[in-house]
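A.B. asks: sequence below, structure please.
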Amino acid sequence: MRNKGMYTRRALSFAVCMLCGLALPAKAASFDCEQAKSEFEQAVCDNPKLSALDEEMSKSYHAALEKMADGKAAFRAQQRAWLKWMQKRSAPDLEEAYQWHIQYLNELPLFPDADASMQKAANGPVFSMKFSLEEKQYTLNAYMLNACKNPDDCGGPAQVRIFRQGRAKALHIINMPNLYVFRQEWAQALNSSPMEVCLQSGVYSKDVYKFDARQSRFVFSHDLDKSAGGPYYRSCEYQE
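C.D. replies: Predicted structure coming up:
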C-alpha cells in the first residue's frame, strides 16, 4: 500500500506538472512575453502556433541580416517598420502575415559588399537616374542581381547605389530584396528638402528613403504596400 500510494502521488504530481506546462504562455523570440502589452504581442504569446512562427521569423531575419554585407541599418529599419505594421493586424491575419514574411526573408539573396565589382556580381541590367539635392548632383544606379528576360518589365533582387557627382565610391547602398522596373520606371525623386527617393519594391509596393543631413546618407523612412494591407499611393505620397 505504501508503494502504491507513493506511485499515485508521483503520477498526480506528474499530471499537475503537465497541466502547468500547458498553462504557461508561449514564448516569442522577437519580444519579451512577460512585458507583452499590445493586443498583437498578447495574441502571439497566448498562441503556441503564432509563437513558433515568431521564433522562426526571428531566426530567418538574423540569417537574412548576415547576407547584407552593407546596408544593415536600412534592413533593420525595414524590419522595425514591419513589426510596427504587425501591431495593427488582427489575430486572424497574423499567421498568414508571419508566413509571408518568413518566406520573404528566406528567399533573400547574398548581396555584394561596397567594394565588390558590380560588373561581376550583377547578372542583370543596370538602370540609372540622376537628381539634384542642395545644388549637388547625384546618380542612382540599380544593379539587378539576376538576369531579366525583358529589360522593360524586370523584377528581382537588386542593389541600389547612390553616387555623388565626381565620387567613385558610393555614398549609400540600398539592398532591395525586390526591385520592380516597368518601362524604365523604378525610382522617383520626391521632396528636395529633405530629399526623398521612392523605389518601386513591387507591382503594388514602394519603399521611401529620406536623406539624413546629419549622417549624409539616405535612411529608410517607410513603405507603401497595398499588397500587404498598407497604404499605397502612385505618387509616393504617404498619409497616416
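
A.B. asks: please identify the buried residues of stretch 79-95?
C.D. replies: Within stretch 79-95, the residues that count as buried by 16 or more other CB atoms under 10 Å are Gln79, Ala81, Trp82, Trp85, Met86, Arg89, Leu94. The C-beta positions use only the backbone N, C-alpha and C, and glycine is treated the same way.

A.B. asks: so which of those belong to helices?
C.D. replies: Gln79, Ala81, Trp82, Trp85, Met86, Leu94 (DSSP state H).

A.B. asks: my read: the third one touches Ile102, true?
C.D. replies: No - under the contact definition of CB atoms under 8 Å, Trp82 does not touch Ile102, with a separation of 11.4 Å.

A.B. asks: show me how this structure divides into domains.
C.D. replies: 25-106, 118-225 (automatic domain parsing).

A.B. asks: for Asp212, name its beta-bridge partners.
C.D. replies: Beta-bridge pairing of Asp212 under DSSP bridges involves Arg217.

A.B. asks: one more: Met176?
C.D. replies: Ala158.

A.B. asks: burial of it, as a residue count?
C.D. replies: Using other CB atoms under 10 Å, Met176 has 23 other residues around it.

A.B. asks: what sits against it?
C.D. replies: Residues in contact with Met176 (CB atoms under 8 Å, 6 or more residues apart in numbering) are Ala142, Pro157, Ala158, Gln159, Val160, Leu199, Ser201, Asp207.

A.B. asks: output these as CSV; include the columns distance to Arg214.
C.D. replies: Shown next, in CSV, are the contacts of Met176 (distance: CB to CB, whole Å):
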residue, distance to Arg214
Ala142, 26
Pro157, 30
Ala158, 27
Gln159, 24
Val160, 21
Leu199, 22
Ser201, 26
Asp207, 21
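
A.B. asks: out of those residues, grab the one that's most surrounded.
C.D. replies: Using other CB under 10 Å as the neighbour test, the contacts of Met176 are led by Ala158, with 31 neighbours.

A.B. asks: so that residue touches Asn141, yeah?
C.D. replies: No - counting by CB under 8 Å, Asn141 is not a contact partner of Ala158; they are 9.8 Å apart.
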